[in-house]
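Novice: next comes the sequence, and after it the predicted model I'd like to discuss.
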Amino acid sequence: MSIKDVFNLSEGTEVTVRGWIYRKRELRDKIFLVVRDGSGIVQAVINKSDQDLSSIASKLNVESSLVLTGVIKREPRAPGGAEIHVKSINWYYAGYAFPINEDAAKADSEYLFDVRHLWIRSRKMWAVLRVRHTVFGAIHEFFRSRGYYEVQGPMFVSAAVEGGSTLFPVKYFDREDVYLTQSSQFYLEVLIYALERVYTIAPSFRAEPSRTRRHLTEFWHAEAEEAWLQFDGLLNLLEDLITYIVNKVLEERQDELKLLNRDAKVLENVKPPFQRVSYDEAINILQSKGVGIKWGDDIGADEERVLTLQFDKPILLHHFPEQIKAFYHRNDPSRPETTLSVDVLAPEGYGEIVGGGERIYDYEELISKIKRFGLKPEDYDWYLDLRRYGSVPHAGFGLGIDRLIMWICGLEHIRDAVPFPRDIRRIKP
Ligand code: 4AD
Ligand code: MG
């Protein structure tokens with residue numbers, strides 16, 4: 001039986017659970033084993049007067065695997081309000097002394113990443129992974145319930161979407177022009193001509209040369225693209241998507257949020273409408289807070305932090321200047337030095353979790369912008385074909401799922417939101 005179900009049964013019921021020892025301690029005449037499985041933890045109690053049982057228990061270490069049978073007893077001091085009084089134990093693997101302990105973790109901030117294959121068993125990772133499961137499921141539910149088709153783009157590509165500086169070259173037989181994809185956007189733009197509304201959940205890769213609290217070299221990207229979608233519709237879609245995901249987590253993951261000490265009030269606040277803040281307004285706010293920034297400058301992590309501390313919900317930051325956004329963004333016809341672009345910034349200092357906007361759909365306009373940006377039209381031959389044959393207005397976005405989870409869980413670092421993080425220095429385990 002799953003450990004979580006033990007707590008629904010009445011006192012005196014005999015149960016068998018299987019799992020791993022999470023904690024072990026002795027107190028006068030008793031040995032306490034906190035046992036965990038995939039569903040939760042329960043305290044098991046052994047009387048030292050039972051010599052057979054206590055000799056087994058004394059051999060077992062933290063993380064030994066076992067099957068244990070006993071009787072449920074209410075105990076307000078035990079986690080979950082009940083414990084199991086043990087009658088028999090079958091142990092599978094007593095194993096070695098588990099290497100993870102607080103001293104090792106304190107001595108070296110990289111230690112828990114070096115042993116991530118074992119640290120994954122911690123309560124913290126357990127909680128994050130369960131929130132992650134809910135977030136991925138919620139994204140699928142949201143898009144499917146609204147008639148978007150799930151599609152897949154390739155991971156090996158031959159051109160940049162998001163600028164050449166973060167492209168990862170791959171050794172691909174004898175070719176030198178193959179990279180890992182930075183975004184599936186261009187393939188989604190292809191697919192709207194067959195399906196109109198599409199989304200994908202896939203990894204994206206960026207050769208990010210520095211370690212920051214919000215950059216990975218491999219991250220999970222939820223991207224959507226929609227024919228005929230215009231700017232206001234895109235902003236509403238983003239608001240609805242993020243609200244849907246956060247509500248799902250609140251519905252399903254209260255215990256996990258508590259375990260992570262996440263203040264659920266912040267998340268309960270996430271309801272439409274989100275405040276729309278133009279780039280111009282953002283520059284004014286930042287200047288009024290003493291940030292040295294002028295119109296045309298990029299809004300980086302530090303500026304986003306200052307900005308988002310002013311709001312208690314995600315904000316939609318829109319109309320970035322042309323020069324700080326990728327070439328495919330459509331310029332606003334009524335103010336061509338700006339683009340119909342939007343970033344969603346998570347509150348509490350977290351910052352960007354989504355980038356998106358309307359795309360240029362006019363052939364001549366796209367060619368001239370590619371040239372203006374110093375890029376080569378021949379690198380984008382098939383992308384330009386989309387503007388030659390039946391082009392339509394369209395818009396889309398990419399949501400960084402790991403960043404979203406980092407914010408939902410209130411984590412310090414994006415590496416804590418991912419089971420096996422990848423960054424400039426880490427490729428193991
Ligand atoms: O803003 P970005 O670069 O936009 C695109 O890639 C578009 N082509 C997406 C689209 O319109 N289909 O990336 C989108 C999001 C960012 O807002 C951020 O949340 C996440 O992807 N992201 C990263 N997450 C973790 N580590 C990195 N190195 C990331 N780079 C981007
Ligand atoms: Mg961006």
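Specialist: Perfect, I can see it now. Numbers count the residues shown, from 1 in each chain. Ligands and ions are numbered 1, 2, ... in the order given.
Novice: quick check: residues of this protein near ligand 1?
Specialist: Applying Cβ under 6 Å from any ligand atom, we find that the chain lies next to ligand 1 at 161-162, 183, 185, 206, 208, 215-216, 219, 221, 223, 352-356, 396-398, 400, 402-403. Placement of C-beta: from N, CA and C, glycine included.
Novice: could you export the helix or strand of the chain with the lowest mean pLDDT as CSV, CA atoms only?
Specialist: Ranking every helix and strand in the chain by mean pLDDT, DSSP states H and E puts helix 102-107 at the bottom, with a mean of 82. Included here for helix 102-107 are C-alpha records, laid out as CSV according to Å, rounded to 0.1, in the frame of the first residue of the first chain:
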residue,chain,number,x,y,z
GLU,A,102,24.3,18.2,6.6
ASP,A,103,28.0,18.7,7.2
ALA,A,104,29.0,17.6,3.7
ALA,A,105,26.4,19.9,2.2
LYS,A,106,27.5,22.9,4.3
ALA,A,107,31.1,22.4,3.5
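Novice: run the chain-centre distance for that helix.
Specialist: From the chain centre to the centre of helix 102-107 is a distance of 26 Å (Cα atoms, centre = their mean, to the nearest Å).
Novice: following that helix in sequence, what is the next regular element?
Specialist: helix 111-114 (DSSP states H and E).
Novice: all helices of the stretch 201-350 of the chain, in order?
Specialist: For the stretch 201-350 of the chain, helices defined by DSSP state H, counting those that start in this stretch occupy the ranges 231-252, 254-259, 264-268, 279-288, 301-308.
Novice: one step back: so which elements touch the least confident helix or strand of the chain?
Specialist: helix 111-114 (3 or more Cβ pairs under 8 Å, 6 or more residues apart in numbering; DSSP states H and E).
Novice: and of the helices of the stretch 201-350 of the chain, who's closest to residue 362?
Specialist: helix 231-252 (15.9 Å; Cβ to Cβ).
Novice: rounded mean pLDDT for that closest one, please.
Specialist: The predicted model assigns helix 231-252 a mean pLDDT of 98.
Novice: swap in stretch 82-89?
Specialist: On average, stretch 82-89 scores 98.
Novice: try stretch 61-77
Specialist: Rounded mean pLDDT across stretch 61-77 is 96.
Novice: buried residues in it?
Specialist: Neighbour-count burial for stretch 61-77 flags 62-66, 68, 70, 72, 75 (criterion: 16 or more other Cβ atoms under 10 Å).
Novice: which member of these is positioned nearest ligand 1?
Specialist: Taking Cβ to the nearest ligand atom as the measure, residue 63 is the one of the buried residues of stretch 61-77 closest to ligand 1, at 31.3 Å.
Novice: isn't that closest one up against residue 121?
Specialist: Yes: judged on Cβ atoms under 8 Å, residue 63 makes contact with residue 121 at a distance of 7.0 Å.
Novice: break the protein into its domains for me.
Specialist: 3-93, 116-417 (automatic domain parsing).
Novice: report all helices and strands that the host helix or strand of residue 138 contacts.
Specialist: Using DSSP H and E, residue 138 sits in helix 123-145. If contacts are counted by 3+ Cβ pairs under 8 Å, 6+ apart, helix 123-145 sits against strand 149-150, strand 197-205, strand 218-227, helix 231-252, helix 254-259, helix 401-409.
Novice: quick check, the residue in the stretch 201-350 of the chain closest to ligand 1?
Specialist: Counting by Cβ to the nearest ligand atom, the stretch 201-350 of the chain gets nearest ligand 1 through residue 219, at 3.6 Å.
Novice: avg pLDDT for the helix holding residue 138?
Specialist: Here the average pLDDT along helix 123-145 is 98.
Novice: list the buried residues of that helix.
Specialist: So, applying 16+ other Cβ under 10 Å, buried residues of helix 123-145: 124-132, 134-136, 138-139, 142-143.
Novice: equivalent analysis for stretch 236-248, please.
Specialist: 237-239, 241-246, 248.
Novice: about what we covered before: make TSV out of the helices of the stretch 201-350 of the chain and add distance to residue 373.
Specialist: Formatted as TSV, the helices of the stretch 201-350 of the chain follow (distance: least, Cβ to Cβ, whole Å):
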stretch	distance to residue 373
helix 231-252	21
helix 254-259	43
helix 264-268	39
helix 279-288	19
helix 301-308	23
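Novice: if we can go back for a sec, mean neighbour count, the helices and strands packed on helix 123-145: which tops it?
Specialist: helix 401-409 (a mean of 25; mean count of other Cβ atoms under 10 Å).
Novice: tell me what that helix is packed against?
Specialist: Looks like helix 401-409 contacts helix 123-145, strand 218-227, helix 231-252, strand 341-346, strand 351-358 (3+ Cβ pairs under 8 Å, 6+ apart).
Novice: ok, residues contacting that helix?
Specialist: 127-128, 131-132, 135-136, 139, 201, 214, 216, 219-222, 242, 245-246, 249, 257, 260, 262, 267, 346-348, 350, 352-353, 411, 413-414, 416-418 (Cβ atoms under 8 Å, 6 or more residues apart in numbering).
Novice: now with 6 Å?
Specialist: Residues outside helix 401-409 that contact it (Cβ atoms under 6 Å, 6 or more residues apart in numbering) are 128, 131-132, 135, 214, 219-220, 222, 249, 260, 262, 346, 350, 353, 414, 417-418.
Novice: can you check stretch 270-284 too?
Specialist: Contacts for stretch 270-284 (Cβ under 6 Å, 6+ apart): 239, 243, 246, 295, 307, 313-320.
Novice: show me how far that stretch is from its chain's centre.
Specialist: Worked out by Cα atoms, centre = their mean, stretch 270-284 lies 23 Å from the chain centre.
Novice: I'd like the average pLDDT over it.
Specialist: According to the model, stretch 270-284 has a mean pLDDT of 97.
Novice: got the end-to-end distance for that stretch?
Specialist: 25 Å (Cα to Cα, to the nearest Å).
Novice: only the buried residues of it, if you could.
Specialist: For stretch 270-284, by 16+ other Cβ under 10 Å, it's 270, 274, 277, 279, 282-283.
Novice: report the buried residues of the longest strand seen in the chain.
Specialist: The residue-count maximum for a strand in the chain (DSSP state E) belongs to strand 14-27. Residues of strand 14-27 classed as buried: 15, 17, 19-22, 24 (neighbour count, 16+ other Cβ under 10 Å).
Novice: in contact with the residue of the stretch 201-350 of the chain closest to ligand 1, which residues?
Specialist: 204, 400, 402.
Novice: for it, which non-adjacent residue is spatially closest?
Specialist: Once flanking residues are discounted, residue 219 sits nearest to residue 402: 5.0 Å by Cβ to Cβ, 6 or more residues apart in numbering.
Novice: pLDDT weak spots in the stretch 301-429 of the chain?
Specialist: By pLDDT under 70, the stretch 301-429 of the chain contains no weakly predicted segment.
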